[in-house]
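**Q** sequence first, predicted model second:
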Protein chains: 2
Amino acid sequence: MTKPLIETAPNVSEGRRRQIVDRLVEAAGRAPGCRLLDVSSDASHNRTVLTLAGDAQGVAGALLAIYEVATAAIDIRRHEGVHPRVGAVDVVPLIPLAHASMSDCVSLARTLGRTVADRFGVPVFLYENAATRAERRALENIRRGQLAGLARRIDQPDWRPDFGPPAPHPTAGVSIIGARSTLIAFNVILETDDLTVAREVARTVRASGGGLPHVKAIAVRLGDGRVQVAMNLTNYLETPLPRAFDAVQRGAARRGVGVAGSELVGLMPADALDAAVANHLLLDDYGPHRLLETHLYGPRSTAGC
Amino acid sequence: MTKPLIETAPNVSEGRRRQIVDRLVEAAGRAPGCRLLDVSSDASHNRTVLTLAGDAQGVAGALLAIYEVATAAIDIRRHEGVHPRVGAVDVVPLIPLAHASMSDCVSLARTLGRTVADRFGVPVFLYENAATRAERRALENIRRGQLAGLARRIDQPDWRPDFGPPAPHPTAGVSIIGARSTLIAFNVILETDDLTVAREVARTVRASGGGLPHVKAIAVRLGDGRVQVAMNLTNYLETPLPRAFDAVQRGAARRGVGVAGSELVGLMPADALDAAVANHLLLDDYGPHRLLETHLYGPRSTAGC
């Protein structure tokens, strides 16, 4: 029997001190039963996203090793960066891949959350499919007001953490762990240094502002002064990459601003390409079965069951 | 040592009589050392493209089995269809995949050409990388004037076939065999029944008319009356699918005509998706290394060496 394969992409609030990032990578890479697939580190965001996959036990081991390094090395009170965050290990999504179900990931989120709280004294909130209350499903609700905002409400009955003490850890802050489907983190960089333009474009693009379904968007200023619209595409089959890109490009163009380029954070699933191409080309009969390699080597879908 | 993997996509001039297509499929599927990957049959074109891959010996065996069925069953004098053609087995490209080189395919084209001429009495022209004269490199040069045109010049010194008699086979016509890189056959269907529009658009899009590099395009009328721009993208990394699609869409729009959809003929290589997406999104650092599956299961490139 094949073990369920689970992906995780811990977002750690450190993207500047190379030596800390190296230690995170080393710790994650050493864990048995889990493979480190990618490291995306960004100095402006001051944030590193590691992508790992393995069985539940392997993923838990690698994540605890990351918590150990991050809680010892990062002081969130001194963290400067343009990305919203509430803790040293800010967000840990667990994502079902082959042979894994969402409920495998929800179970793992709970086990991991309890262990993190017990071992490191860091309060843990569960989000999305692992959330214990409706208002905690959306990551941005938990992170509203960043650490200071969360600290003000964490001892209220509705906002007590799922695990751990009702106060942020002095240096490691709070950690948010959850189970969700694969998403694509995708940033479009604008040819301007005017953050207002990026904010206006983000507002028109995001689902919550009546923009594109399944798109979250914020405005972020990069280290070189340029600004970007940083997006999460939470359903890339319904709203493919090019549609999100085009919406940002149109929004920027209406304000007389061009697009300088785009970037993926972490990895994307291959079927997002299918969706992107089929959508753009108005191809009805498109899918992995139209790829030469599928017939030579078999499909390479990672879809969970 | 791994045997060189060669792809072939014989274009057979039969896309209407189901029973003949079935026999072609059966013959191709029976050959050892070769796998039938795809069958694309089109009634308007009256043409079937089979996609196969295997080692040189396996591919040759499958192709000879296809020639045997096609030359017995198809009378090219009675062939009606909207696609240019000169023979029962009209065109046979040989394409290097993993561990195969272009010269492996050139050698196979020559061996196969000689055998086809000897065994079936069908004159064979070699094209593209297997061509023996510069003016025979381009398929459309050999096929100019279709079978009637070729029949008029086949006994001239410059136009004698590479193998076989200097006259078309009475029923099977002529066959064109060659070695080339992977291409994508991609058709865009217009929302009009006016063939003139498709012809004008094809003319503006094709490389030889000053349009897009590495694009061949013709206008074709479908069975339901609609028209399409049928393209070959001979370098999909330089001119990705969406750029070709957009050019047709723009050309049609300028004439007040919309695009109804598009279709792939046969299979496309996975890296064409990378090229398509990276190009559209202005992603600099895009490639298979940004795909989750590449890190889980390894790259699935079929590029020859």
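**A** On my side now, so go ahead.

**Q** show me where the stretch 151-300 of chain A has strands.
**A** Assigned by DSSP state E, counting those that start in this stretch, the stretch 151-300 of chain A shows strands spanning A:175-179, A:184-190, A:215-221, A:227-233, A:259-265.

**Q** between the ones you listed, which one is closest to chain B.
**A** Closest to chain B of these is strand A:259-265 (C-beta to the nearest C-beta; 4.6 Å). No exception for glycine: its C-beta is placed from N, CA and C like everyone else's.

**Q** for the closest one, list the C-alpha coordinates in CSV.
**A** Taking only C-alpha atoms (Å, rounded to 0.1, in the frame of the first residue of the first chain), the coordinates of strand A:259-265 have been written out as CSV:
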residue,chain,number,x,y,z
VAL,A,259,3.8,45.3,-16.2
ALA,A,260,7.5,44.6,-15.6
GLY,A,261,7.2,40.8,-15.1
SER,A,262,5.9,38.1,-12.8
GLU,A,263,7.2,35.5,-10.4
LEU,A,264,6.0,32.3,-8.8
VAL,A,265,6.6,31.7,-5.2
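
**Q** just to revisit the earlier point, in TSV, list the strands of the stretch 151-300 of chain A along with distance to chain B.
**A** What follows is the strands of the stretch 151-300 of chain A, written out as TSV (distance: least, C-beta to the nearest C-beta, whole Å):
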stretch	distance to chain B
strand A:175-179	17
strand A:184-190	8
strand A:215-221	14
strand A:227-233	12
strand A:259-265	5
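
**Q** just put the ones you listed in JSON lines and tack on mean neighbour count and mean pLDDT.
**A** JSON lines is the format used below for the strands of the stretch 151-300 of chain A (neighbours: other C-beta atoms under 10 Å in any protein chain shown; pLDDT from 0 to 100):
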{"stretch": "strand A:175-179", "mean neighbour count": "27", "mean pLDDT": "98"}
{"stretch": "strand A:184-190", "mean neighbour count": "23", "mean pLDDT": "94"}
{"stretch": "strand A:215-221", "mean neighbour count": "22", "mean pLDDT": "95"}
{"stretch": "strand A:227-233", "mean neighbour count": "26", "mean pLDDT": "96"}
{"stretch": "strand A:259-265", "mean neighbour count": "20", "mean pLDDT": "91"}
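
**Q** can you put the ones you listed in CSV and add distance to residue A:129?
**A** Compiled in CSV, those are given as follows (distance: least, C-beta to C-beta, whole Å):
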stretch, distance to residue A:129
strand A:175-179, 4
strand A:184-190, 18
strand A:215-221, 16
strand A:227-233, 15
strand A:259-265, 21
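
**Q** got the residues of the stretch 201-305 of chain A near chain B?
**A** A:241-242, A:245, A:259-264, A:267-270, A:273-274, A:276-277, A:280-286, A:290-293, A:295-297, A:300-302 (C-beta under 8 Å from any C-beta of the partner chain).

**Q** what about 7 Å?
**A** Taking C-beta under 7 Å from any C-beta of the partner chain as the contact definition, the stretch 201-305 of chain A meets chain B at A:241-242, A:245, A:259, A:261-264, A:267-270, A:273, A:276-277, A:280-285, A:290-293, A:295-297, A:300, A:302.

**Q** just to be sure, which of those are found in helices?
**A** A:241-242, A:245, A:273, A:276-277, A:280-281, A:292-293, A:295-297 (DSSP state H).

**Q** just the buried ones out of those, please.
**A** A:241, A:242, A:245, A:273, A:276, A:277, A:280, A:281, A:292, A:293, A:295, A:296 (16 or more other C-beta atoms under 10 Å in any protein chain shown).

**Q** quick check: pLDDT value at the residue nearest to residue A:209 when sequence neighbours are not counted.
**A** Among residues not flanking residue A:209 along the chain, residue A:203 sits closest, at 4.8 Å (C-beta to C-beta, 6 or more residues apart in numbering or on different chains). Note for residue A:203: predicted pLDDT of 97.

**Q** residue A:203 against residue A:216, yeah?
**A** No - counting by C-beta atoms under 7 Å, residue A:216 is not a contact partner of residue A:203; they are 11.6 Å apart.

**Q** so what sits against both of these two?
**A** Common neighbours of residue A:203 and residue A:216 (criterion: C-beta atoms under 7 Å, 6 or more residues apart in numbering or on different chains): none identified.

**Q** I figured residue A:192 was touching residue A:229, is that so?
**A** No - Residue A:192 lies out of contact with residue A:229 (C-beta under 7 Å); the separation is 11.3 Å.

**Q** tell me the contacts of residue A:263?
**A** Residues near residue A:263 by C-beta under 7 Å, 6+ apart: A:187, B:283, B:285.

**Q** who's in contact with the last one?
**A** Residues in contact with residue B:285 (C-beta under 7 Å, 6+ apart) are residue A:263.

**Q** quick one: it from residue A:223, how far?
**A** Applying C-beta to C-beta, to the nearest Å, the value for residue B:285 to residue A:223 is 17 Å.

**Q** give me the low-pLDDT residue ranges for chain A?
**A** Along chain A, segments meeting pLDDT under 70 span A:1, A:299-305.

**Q** how does it divide into domains?
**A** A:6-179, A:184-268 (automatic domain parsing).

**Q** contact residues of the stretch 51-200 of chain A facing chain B?
**A** Within the stretch 51-200 of chain A, the positions near chain B by C-beta under 7 Å from any C-beta are residue A:53.

**Q** okay, now residue A:206: neighbour count?
**A** Neighbour count for residue A:206, taken as other C-beta atoms under 10 Å in any protein chain shown: 19.

**Q** from memory it sits against residue A:216, does it?
**A** Yes - Residue A:206 is within contact range of residue A:216, at 5.8 Å (criterion: C-beta under 7 Å).

**Q** before we move on, the earlier item: got the domains of chain A as TSV, with distance to residue B:8 columns?
**A** Converted to TSV, those look like this (distance: least, C-beta to C-beta, whole Å):
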stretch	distance to residue B:8
domain A:6-179	33
domain A:184-268	32
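
**Q** contact partners for residue A:168?
**A** Residue A:168 neighbours (C-beta under 7 Å, 6+ apart): A:123, A:147, A:151, A:154, A:174.

**Q** let me know the closest of those residues to chain B.
**A** Nearest to chain B among the contacts of residue A:168 is residue A:174, at 28.1 Å by C-beta to the nearest C-beta.

**Q** so what's the residue count around the closest one?
**A** Quick note: residue A:174 (other C-beta under 10 Å) scores 26 neighbours.

**Q** helices along chain A, start to end?
**A** A:18-30, A:56-73, A:102-120, A:139-142, A:146-153, A:195-205, A:241-254, A:271-281, A:292-297.

**Q** relative to residue B:119, which of the ones you listed is closest?
**A** Set against residue B:119 and scored by C-beta to C-beta, those come closest in helix A:292-297, at 28.9 Å.

**Q** give me the contacts around the closest one.
**A** For helix A:292-297, contacts defined as C-beta under 7 Å, 6+ apart pick out A:288, B:37, B:38, B:53, B:267, B:268, B:269, B:270, B:300, B:302.

**Q** of those, grab the buried ones for ChimeraX.
**A** To isolate the buried subset of the contacts of helix A:292-297 in ChimeraX, counting by 16+ other C-beta under 10 Å, use the following:
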select /A:288 /B:37,38,53,267,268,269,270,300,302
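
**Q** name the nearest of the contacts of helix A:292-297 relative to residue A:63.
**A** Ranked by distance to residue A:63 (C-beta to C-beta), those are led by residue B:300 at 29.0 Å.

**Q** can you tell me how far residue A:102 is from chain B?
**A** From residue A:102 over to chain B the distance is 17 Å, taken as C-beta to the nearest C-beta, to the nearest Å.
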